[in-house]
Every structure is written in C-alpha cells, then in structure tokens.
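> please find the sequence and the predicted model below.
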Amino acid sequence: MRGDQYLLLPGPTPVPERVVRAMSKPMVNHRGPEFKKLLMDVTDGVKKIYRTKQHVLIYPSSGTGALEAAVVNFISPGDKVLAISIGVFGDRFAKIAAQFGAQIEKIDFPWGQPADPEVIKKRIEQDKNREIKAVLVTHNETSTGVFNDLKTIREQMADHPALFMVDAVSGLGAVDLHMDDWNLDVVVSGSQKAFMIPPGLSLVAFNEKALKVHHENTNPRYYWDVTQGLKYLEKGQNPYTPAISLYYGLDESLRMMLEEGLDNILARHKGYRDMVREAVKEMGLQLLAPDNQASMALTAVKAPEEIGANKIRKYMLEHFNIVLAGGQQKLDNIIFRIGHLGYVRELDLVAVLAALEITLVKMGYHLELGAGIKKAQEIISNRD
Ligand code: PLP
C-alpha cells in the first residue's frame, strides 16, 4: 500500500512520533523512584484533562475494563440503576451492571439522538423513595457520533443522591467535560482515543461521594479494587505490574496536550467537526446526528442507500489506504464514521473528504467533484 495509512477511526487513533519514541524507553523498576515520578506526573496530568482534583486511577485495560471497574466498585448487587442509552456503548454499560447483579431500568433514546434531560428529570422526580443508586450515562456515544449534555442532565437530578457515572471513553479530551464543576461522581476513559496513545490503559476517576459508596460496596473484586489502587498510589505504585511503556507514552502525550492547552484542543476538535459536517452536507449526504449535539470526536454519515456504507469503506481502503469505521449493530452498512480525534490534522481530513468524493462518483452517486472540498477550504480560510 502506498504511504502511511490514514487511520480515521474513533479509536484507536494515530500515535504521534514523539509518543512512539517515548514508548521505546527501557523498562524501569515499577517499585522504584523513576516509576514513582512517572506515575505521579501522569496522574496529575490526567486530572487536568478531567478538570478534577479528585481521585484518578490508571488501569492496564481497555475502556471496557474501566466500565467494569466502575460497576464493581460503585454499584452493589441488587442496586437499582437507571441506565441511559443512546447507542451501543450505553447498552454496554447497562449490560455490565446487569451482569454484576444490578437491577437495571433502561431508558433508550433513538440512535442518532442525545438523551433528553427532561425525560431523565421526570424519572428522577418520580423516585420519591430515592431507590435509584446510580445513573449511567455516555459522554460521547461513539456508535452514533452524538454527545450528551452531561451538565444539564446532572443538574436535572437536583439533590437526588444517586451516583452519576459517566462513560467518557471516547469523549474525554475531545468533547468538553468538567468533572468537578459538573458534579460528575465517576468518570471513566481510555487511552486510545483523544490521549493519542495505543490501546491498553484505562482511567477511572471518582470523587469522595463515590468513595463513600465504594466503602459500603458488596461486590467481589480484586484486580479492579479502588481501595487497593489508592493505597498503592500513595506509595507511587500500582497493586500489580503496570504497563510501563504505555505510561511513558501517556506522559509524552500529556505533555503535548498541555503544551497545546485543553481549550485549544477542544476548539480544534470542534473545528474538525464543523468542517467535516459542512463538507459532507455539500456532497448531498445526510448526517446521523443533529448539529447541536454532534460529536466533536467523530462524524456519522448516512451512506446513499443504493450504495451502502461498507462498499464505500472498502473502496476507500483499497484505493486510498484510508480507514473509516463502519456502523455497529443495527447501523451496519447504513452509516460510516469518520473519526477526527486525537492526533489528526485538518488537511488530512480534507484529503479524506476528497477521497470520499471520488469514491462516491466512482459508485455512480451524483455529485459535483470538489463541492465538499470547496466548502472545507472556505471554512479553513475563513478562520483567524
Ligand atoms: N465506551 C465508549 C464510548 C467507547 O467508544 C468504547 C470503545 O470504542 C468503549 C466504551 C469500550 O472501550 P474498549 O474498546 O477500549 O474496551
């Protein structure tokens, strides 16, 4: 294949050269002073991305592991849990909690739409006896390219004591999130998205309120136990052998993120989103998510029905070495997803949009070549 692959998935995302180099450093003693400094530095850095002063633990796992860690530490068997789902990952969080014995009440919103805070408010208000122990919400639903308005949803819960638990695996660092200001109790994330490092690390952040709930928690656990995690973190260690190379990578990627500045990163992602959406609209294609809740991390595009999303993705891969994500489950072959988070450049996205136009024309779709690209160029040139 010619040249480097354009990996435009909503994770894993491209890894910067600086990070690759950092990950090639030699191993150190994970109970020694070098690792202690590394662990303390990355934990502090990650807190800045969460905008929190609360606890953060880093696990050697994928994002799903962090979801399970959240469940086994903060939800007890038999707890009533309100699971808000707007897609595949909302469903997954609910399934994990169900596996560990929670009583799940699920509110499903149509795929492609955000959760309606009013609906959640009504359900919470009905819970006069405060039986609901936790509310599960997805920050950025990767399967549909929609983000939820966490701040408003949290506000609608008013003084209800349920823990507010957030899956921010694909959102953190790309879509705004203020853990402390928005009063989010548990927020999990992963390494292979906006953090620009390979898959293999997950993050679990939690506040004092969640920690109190954890102390009463009756779930069996060992690997995920946050009590153990915190105890070892005090010594600058993990309870078990950490993924040291990924820590080196995270240390470097955090340096890059903090050099750029979180607000600038968020603005950059918003710029990608707006450009991709406007360009795709000019091509005459439909988007799955509404403009006001469309993800800054990825864009879900409806393929022309007569072509289907998978043929487009296959052509893009074979002819241009561009990888786009497909639709998951009921969205298979209906949408394709353009990931634009982490280490992505605007002009790479323009190239992808150009390749998309060619692909569509090759497949007999009526399109004036350059329509979307012109829009993208206009958007870029109108920026300060
Ligand atoms: N939650 C969300 C929102 C995700 O996007 C993903 C992965 O794409 C996951 C959870 C699961 O993460 P992982 O595949 O790393 O286990």
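All right, it came through fine.
> so Y343 is in contact with I197, correct?
No - Y343 is beyond contact range of I197, at 9.7 Å (criterion: C-beta atoms under 8 Å). Where C-beta positions appear, they are placed from N, C-alpha and C, glycine not excepted.
> find residues that contact each of the two.
Residues touching both Y343 and I197 (C-beta atoms under 8 Å, 6 or more residues apart in numbering): V15.
> which of those two has more neighbours?
I197 (30 against 19; other C-beta atoms under 10 Å).
> which residues does that one contact?
By C-beta under 8 Å, 6+ apart, the neighbours of I197 are V15, V19, M23, S191, L246, G249, L250, S253.
> the nearest residue to it once chain neighbours are set aside - how many residues pack around it?
Among residues not flanking I197 along the chain, G249 sits closest, at 4.0 Å (C-beta to C-beta, 6 or more residues apart in numbering). Neighbour count for G249, taken as other C-beta under 10 Å: 29.
> pretty sure G249 is in a helix, no?
Yes - per DSSP: H, G, I helix; E, B strand; the rest coil, G249 lies within a helix segment.
> if I look at the residue of the stretch 1-150 of the chain at minimum distance from the ligand, how far off is H319?
At 2.6 Å from the ligand, G63 is the closest residue in the stretch 1-150 of the chain, using C-beta to the nearest ligand atom. Distance check for G63 against H319: by C-beta to C-beta, to the nearest Å, it reads 32 Å.
> ok, now G261?
G261 sits at a distance of 37 Å from H319 (criterion: C-beta to C-beta).
> check K302 too.
Counting by C-beta to C-beta, the gap from K302 to H319 is 22 Å.
> have a look at those two and say which one is more surrounded.
Applying other C-beta under 10 Å to K302 and H319 shows that K302 carries more neighbours, namely 17 against 13.
> just the pLDDT at the nearest residue to the more buried one once chain neighbours are set aside, thanks.
Excluding the flanking residues, the one nearest K302 by C-beta to C-beta, 6+ apart is Q286, at 4.2 Å. Looking at Q286, its pLDDT reads 98.
> for Q286, give me phi and psi.
Q286 adopts backbone torsions of phi -100, psi 150, taken as degrees, to the nearest 10.
> next up, the contacts around the closest residue to Q293 other than its chain neighbours.
Closest residue to Q293 apart from its sequence neighbours, by C-beta to C-beta, 6+ apart: P114 at 4.1 Å. For P114, the contacting residues are I86, V146, F147, N148, D149, P290, Q293, by C-beta under 8 Å, 6+ apart.
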